[in-house]
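Engineer: Pasting a predicted model and its sequence here:
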Amino acid sequence: EEWKKSRKILAPAFSSEMLLKYTEVFNEKSLALVDAFKPVADTGEVVDVFDYLMKTNVDTIVGKKKNISRALISTKLLN
């Protein structure tokens, strides 16, 4: 029952119309993620992607705000 209530509340946020508004953001954030992995791509180093994907998710959610830096997801890779 709780699941149905939550789904009803969240469904409008995931409509086709709403997702189309985020296409540019999805593209930008996925390219930032690719850029973040470039330094280790050919090294053979094993990378735990969980943190990067979580940061990408947060960056995407707030990505409609133009003052959010693309550097958010690459912080851990560079440190």
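Structural biologist: On my side now, so go ahead.
Engineer: Number of residues surrounding the nearest residue in space to Lys29 that is not next to it in sequence?
Structural biologist: Take Lys29 and drop its neighbours on the chain: the residue closest to it by Cβ to Cβ, 6 or more residues apart in numbering is Thr60, 4.5 Å away. Backbone N, C-alpha and C define where each C-beta goes, glycine included. Other residues lying near Thr60 total 19 when counted by other Cβ atoms under 10 Å.
Engineer: where's Thr60, which helix or strand?
Structural biologist: helix 50-61 (DSSP states H and E).
Engineer: buried residues in that helix?
Structural biologist: 52, 55-56, 59-60 (16 or more other Cβ atoms under 10 Å).
Engineer: for those residues, which one is nearest Arg7?
Structural biologist: Set against Arg7, the nearest of the buried residues of helix 50-61 by Cβ to Cβ is Thr60 (20.9 Å).
Engineer: separation between that closest one and Ala32?
Structural biologist: 10 Å (Cβ to Cβ, to the nearest Å).
Engineer: Show me what the longest helix belonging to the chain is packed against.
Structural biologist: Ranked by residue count and defined by DSSP state H, the top helix of the chain is helix 23-37. Judged by 3 or more Cβ pairs under 8 Å, 6 or more residues apart in numbering; DSSP states H and E, helix 23-37 is in contact with helix 50-61.
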